[in-house]
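Novice: coords below, sequence missing:
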């Protein structure tokens, strides 16, 4: 059997120089908070790593996670790593029709059993009649695919925590991937939650690259998320933090204080309670994030963010309008 080409061989064949590859490794190592010298170790490990087989399953999802992962502003090498893995199944982007696509995925997983990476998007319904494809319900399909996965990444807040489908009154009985494992419905495998609605594509890339380099999951917080990306609050690095510390707040959108860049906490900003990298990595090729454009953080990377008392635009208590929560 012909050996699978390595990741470096693949990107070189795509026209990416070794210099660009090393730069990517340096940026990724930095984003993961790895010590000096890790970039070269990462480059050497990836150069010898077979191009990974990836299967992307979706259940109760809006495809926003796929949109986030593919809107990478090519030609960034970050995109190249995610999009040029051996992606064997993703219903949103499949070229083959349903049965043929599933047969292709099954064959690829059989050949790479125990080593493929499984990305999971969307919440999983426990009530019958929801999220059924090719005659198999979503939970059963995940239970079939999970045993051979070396790593499972729950992409987005729905897969990580239940998200919108699990919001009150949760008519489908939607649960997260980790809950399925806790209930014994899906075999327990190494799992990383990449929450956000949608999640940041750089975080998805970082998790995959870390695993391919070290053969294990990165350090995780109590919610199963990589601490390198979720270790600090959005509030801590917000451009409006100085105004929060001075107790200078906007009282309505587009009022004089809002236009001056004052803090949006009194308009319901969840930044002090939300752990994510929006204000450090930023969105759209490091261009911006919600508070920079004048909208408050809605806490989309946290559990149950859809069920916040009062909705997204009501101030949450406990901060006192002072200098806490940094």
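Specialist: Sure, I can see it. Fair warning: this is a prediction, and the values are worked out from it, not measured in the lab. Numbering: from 1, shown residues only.

Novice: state the mean pLDDT of stretch 305-315.
Specialist: Per-region confidence: stretch 305-315 scores 88 on mean pLDDT.

Novice: no no, stretch 57-66
Specialist: 91.

Novice: give me phi/psi at the nearest residue to residue 161 once chain neighbours are set aside?
Specialist: Of all residues not flanking residue 161 in the chain, residue 303 sits nearest, at 4.1 Å (C-beta to C-beta, 6 or more residues apart in numbering). Where C-beta positions appear, they are placed from N, C-alpha and C, glycine not excepted. Backbone torsions of residue 303, given as degrees, to the nearest 10, read phi -60, psi 150.

Novice: so where do the helices sit in the stretch 101-250 of the chain?
Specialist: Remark: helices assigned in the stretch 101-250 of the chain by DSSP state H, counting those that start in this stretch are 138-145, 156-161, 177-182, 201-214, 227-230, 241-245.

Novice: which of the ones you listed has the lowest mean pLDDT?
Specialist: In terms of mean pLDDT, the lowest-scoring of the helices of the stretch 101-250 of the chain is helix 201-214 (a mean of 91).

Novice: same for that helix, what does it pack against?
Specialist: Applying 3 or more C-beta pairs under 8 Å, 6 or more residues apart in numbering; DSSP states H and E, one finds that helix 201-214 contacts helix 18-31, helix 38-47, helix 64-70, helix 77-83, strand 116-121, strand 149-155, strand 191-194, helix 227-230.

Novice: what number of residues lie near residue 182?
Specialist: 12 (other C-beta atoms under 10 Å).

Novice: so how far is residue 145 from it?
Specialist: From residue 182 across to residue 145, the span is 18 Å (C-beta to C-beta, to the nearest Å).

Novice: and residue 257, by the same measure?
Specialist: In this view, residue 257 and residue 145 are 51 Å apart by C-beta to C-beta.

Novice: the more surrounded of these two?
Specialist: Remark: of residue 257 and residue 145, residue 145 carries more neighbours, 21 against 17, as counted by other C-beta under 10 Å.

Novice: which SSE is the residue lying closest to residue 87 once chain neighbours are set aside in?
Specialist: Leaving aside its sequence neighbours, residue 87 sits nearest to residue 54 (C-beta to C-beta, 6+ apart; 5.0 Å). Residue 54 belongs to strand 53-58 when elements are defined using DSSP states H and E.

Novice: between that strand and helix 201-214, how big is the angle?
Specialist: Strand 53-58 and helix 201-214 are oriented at 140 degrees to each other (axes from the mean of the first three to the mean of the last three C-alpha atoms, to 10 degrees).

Novice: out of the helices of the stretch 101-250 of the chain, which is closest to residue 192?
Specialist: For the helices of the stretch 101-250 of the chain, the distance to residue 192 is smallest for helix 201-214, at 5.2 Å, taking C-beta to C-beta.

Novice: between helix 38-47 and that closest one, find me the angle.
Specialist: Counting by the same axes, to 10 degrees, helix 201-214 lies at 70 degrees to helix 38-47.

Novice: and helix 201-214, which residues are buried?
Specialist: 201-213 (16 or more other C-beta atoms under 10 Å).

Novice: next one: the residue nearest to residue 161 from residue 190, what distance?
Specialist: In terms of C-beta to C-beta, residue 303 sits 21 Å off from residue 190.

Novice: who has more neighbours out of these two?
Specialist: Shown here are residue 303 and residue 190; by other C-beta under 10 Å, residue 303 has more neighbours (17 against 12).

Novice: what count of nearby residues applies to residue 71?
Specialist: Neighbours around residue 71, by other C-beta under 10 Å: 14.

Novice: with adjacent residues omitted, what lies nearest to it?
Specialist: Per C-beta to C-beta, 6+ apart, closest to residue 71 is residue 201, 7.4 Å.

Novice: quick check: the one you found touching residue 68?
Specialist: Yes: Residue 201 lies in contact with residue 68 (C-beta atoms under 8 Å); the separation is 5.4 Å.
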